[in-house]
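Asker: pasting the structure only:
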């Protein structure tokens, strides 16, 4: 072998030895950098347990890094388009916590375990005292309702079952098939919805695709493939004595705050694209119902004494009315209202804005039957130029204050107060809101807004997205970080 050949062979051999080590170093570096991505935590569905405690769902997904430290396996994974990460287990923690951020407790823990590829769930368990007990389904906090006086919590599961348990997690029991459980004002009963879905009998003998002539003919005729029957039911809070209240409940149902009654509407289709609605009040104990008026929905005052609703005519698309809870003694408030308005916590004032007049709100006094003032919410001057960030009203706080998406506004003095997060910035509300039972606190989805000057302009950065607690004095703190 010539000297030149030996040199070339030596170089090739050296490269072959170094190449796997370089791949290993690269994989190890990626492994160390991405180690934090092995556990992904989310907080969802905050719900008020009482005025001082909340419930929430914490999910922790354990993930596997598919590329590892073997360079040759990584080459194969790259060739096969294998995802970098796959879930191997997701834990669901139903937790409670005080609103000052202390006393966080796990009430119930469930887990879903996946196969080694992270594609198919192979087992679902409930974790108690470190032991994994197989269960039929995972129970979430979605559509959760609480009754503090009896320390009861009603929950919906992912398979459409209703469970009930004590607030400490004890006495968990499946009590009905359905969704959206809601306690009656006295806690003795639970209102819930039932959905039954079945295949349309007209499709008997037809295939499942457009290639089948009968299937195609029925589809072209507008026949639904699947039929869903909806109904509203009531049962005792222990799951006994179930009975149907109404068939085909509408999407919007208003619960009476002090009595076992609900407001709902029925629809009469006149012709395609046009319907007539009737608003009813039904007693869920006796099933006696009272016609209120010809509208699709209403807004009930916090004390349950009055309702507001809108009607329309050829000249006015939104006429706002106020009436007693049974529909009597109705009075016209405005001929150009946008929606049914927002009640203050005391139930003696109503605010609404006019159609086409953004950010201008009128205050109606129930006792005097007069519109006593109107307020044009001032824009935060720092947001000048951000056309998509207007100021809008979210709801009433006690003592004649409003919560907006940018600040708290005092209706009496006209003073606006930033929702301060310590001294670091203020709160930018950009999602759902959940009011405490006494309406003095609210949990909002938002982020911290840090103001700064850049190129002569005032701008801001957002960080720390999550669920924040806002109190009536404007105090704010991060409860659950996303």
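Answerer: Good, I have the coordinates. These numbers come from a predicted model, not from an experiment.
Asker: Find the least confident helix or strand in the chain, judged by mean pLDDT.
Answerer: helix 71-79 (a mean of 52; mean pLDDT, DSSP states H and E).
Asker: Just name whatever secondary elements the helix or strand following that one is in contact with.
Answerer: Along the chain past helix 71-79, the next helix or strand (assigned with DSSP states H and E) turns out to be strand 85-98. With contacts defined as 3 or more CB pairs under 8 Å, 6 or more residues apart in numbering; DSSP states H and E, the packing partners of strand 85-98 are strand 53-65, strand 105-114. For every residue, glycine as well, the C-beta is placed using N, CA and C.
Asker: 10 Å - rerun?
Answerer: If you count contacts as 3 or more CB pairs under 10 Å, 6 or more residues apart in numbering; DSSP states H and E, strand 85-98 packs onto strand 39-48, strand 53-65, strand 105-114, strand 121-128, strand 152-156, strand 476-481.
Asker: what about residue 92, how many residues close to it?
Answerer: Burial measure for residue 92: 21 neighbouring residues, criterion other CB atoms under 10 Å.
Asker: Please tell me how far it sits from residue 108.
Answerer: According to CB to CB, to the nearest Å, residue 92 stands 8 Å off from residue 108.
Asker: Touching both of the two, which residues are there?
Answerer: Shared contacts of residue 92 and residue 108, defined by CB atoms under 10 Å, 6 or more residues apart in numbering, comprise 126, 127, 139, 141.
Asker: neighbour-wise, which of those residues leads?
Answerer: residue 139 (24 neighbours).
Asker: how close does it get to residue 235?
Answerer: To residue 235, residue 139 is 18 Å away according to CB to CB.
Asker: pLDDT weak spots in the stretch 1-150 of the chain?
Answerer: Applying pLDDT under 70 to the stretch 1-150 of the chain flags residues 1-4, 6-37, 65-86, 142-143.
Asker: again, only this time at 90
Answerer: 1-51, 61-89, 100-103, 113-122, 129-130, 136-150 (pLDDT under 90).
Asker: Wait, a helix at residue 216?
Answerer: Yes: Residue 216 forms part of a helix when assessed by DSSP: H, G, I helix; E, B strand; the rest coil.
Asker: which residues touch it?
Answerer: Contacts of residue 216 (CB under 10 Å, 6+ apart): 206, 207, 209, 210.
Asker: Also residue 438?
Answerer: By CB under 10 Å, 6+ apart, the contact set of residue 438 is 48, 50, 51, 345, 398, 472.
Asker: can we see that at 6 Å?
Answerer: residue 51 (CB atoms under 6 Å, 6 or more residues apart in numbering).
Asker: Could you give the number of residues near residue 331?
Answerer: So residue 331, with other CB under 10 Å, has 12 neighbours.
Asker: how about it, phi and psi?
Answerer: The phi/psi pair for residue 331 (degrees, to the nearest 10) reads phi -140, psi 140.
Asker: With distance to residue 321 added, can I get the helices and strands packed on strand 85-98 in TSV?
Answerer: Output for the helices and strands packed on strand 85-98, formatted as TSV (distance: least, CB to CB, whole Å):
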stretch	distance to residue 321
strand 39-48	31
strand 53-65	36
strand 105-114	44
strand 121-128	50
strand 152-156	34
strand 476-481	37
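Asker: ranking these by burial, who's on top?
Answerer: Compared across the helices and strands packed on strand 85-98, strand 152-156 shows the largest average neighbour count, a mean of 23 (mean count of other CB atoms under 10 Å).
Asker: Quick one: name whatever helix or strand follows the helix or strand containing residue 233.
Answerer: According to DSSP H and E, residue 233 maps onto strand 226-236. For strand 226-236, the succeeding helix or strand toward the C-terminus, using DSSP H and E, is strand 243-247.
Asker: List the beta-bridge partners for residue 374.
Answerer: residue 362 (DSSP bridges).
Asker: per-residue pLDDT, it?
Answerer: Looking at residue 374, its pLDDT is 79.
Asker: for the chain, what spans make up the helices?
Answerer: 3-33, 71-79, 213-220 (DSSP state H).
Asker: In contact with residue 345, which residues?
Answerer: The contact partners of residue 345, by CB under 6 Å, 6+ apart, come to 302, 396, 398, 439.
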